[in-house]
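**Student:** quick one, structure for this:
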Amino acid sequence: MMLSSGRTMKVELVLQPGQAPAPTTLSQRVAPAPAPAAKAAAPAAKKVGSSIAKKKAALKKKKGVRQKKEPVTAADLDAQMEDYTAAGAAAASAA
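**Tutor:** Sure thing, here's the model as predicted:
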């Protein structure tokens, strides 16, 4: 079951009380999980780490310092609006 925070939650439904698993103690729940046994001889392992490192490096190169836009003044907006209305009026008179 997935929570809204993205974490998983284990949910066990007990349908018959006789089949319920024995409750675990607090020390068993808090103790770290045992490490899985290592495989004897792993076949030729792929170099996944290097490809991941290359992708991360490429992403870092793409990111640069973000340029801030200059604030637009009311006079600039008025000039743009006059140009827009003049162009619209010229197109209407030509048609």
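**Student:** could you use CA atoms for every contact and neighbour count after this?
**Tutor:** Will do.
**Student:** pull the longest helix from the protein.
**Tutor:** helix 74-94 (DSSP state H).
**Student:** buried ones in it?
**Tutor:** For helix 74-94, the neighbour count (16 or more other Cα atoms under 10 Å) marks no residue as buried.
**Student:** now find how far off-centre that helix is within its chain.
**Tutor:** Here helix 74-94 is found 43 Å from its chain centre; the criterion is Cα atoms, centre = their mean, to the nearest Å.
**Student:** put the alpha carbons of the lowest-mean-pLDDT helix or strand in the chain into PDB.
**Tutor:** For the chain, counting by mean pLDDT, DSSP states H and E, helix 48-62 ranks last in confidence among helices and strands (a mean of 73). Output of helix 48-62 as PDB, limited to C-alpha atoms (Å, rounded to 0.1, in the frame of the first residue of the first chain):
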ATOM      1  CA  VAL A  48      26.200   0.300 -14.700                       C
ATOM      2  CA  GLY A  49      27.700   2.800 -12.300                       C
ATOM      3  CA  SER A  50      29.900   4.500 -15.000                       C
ATOM      4  CA  SER A  51      27.000   5.000 -17.300                       C
ATOM      5  CA  ILE A  52      24.900   6.500 -14.500                       C
ATOM      6  CA  ALA A  53      27.800   8.800 -13.600                       C
ATOM      7  CA  LYS A  54      28.100   9.900 -17.200                       C
ATOM      8  CA  LYS A  55      24.400  10.800 -17.400                       C
ATOM      9  CA  LYS A  56      24.600  12.700 -14.100                       C
ATOM     10  CA  ALA A  57      27.600  14.600 -15.400                       C
ATOM     11  CA  ALA A  58      25.800  15.500 -18.600                       C
ATOM     12  CA  LEU A  59      22.800  16.800 -16.700                       C
ATOM     13  CA  LYS A  60      25.100  19.000 -14.500                       C
ATOM     14  CA  LYS A  61      26.700  20.500 -17.600                       C
ATOM     15  CA  LYS A  62      23.400  21.500 -19.100                       C
END
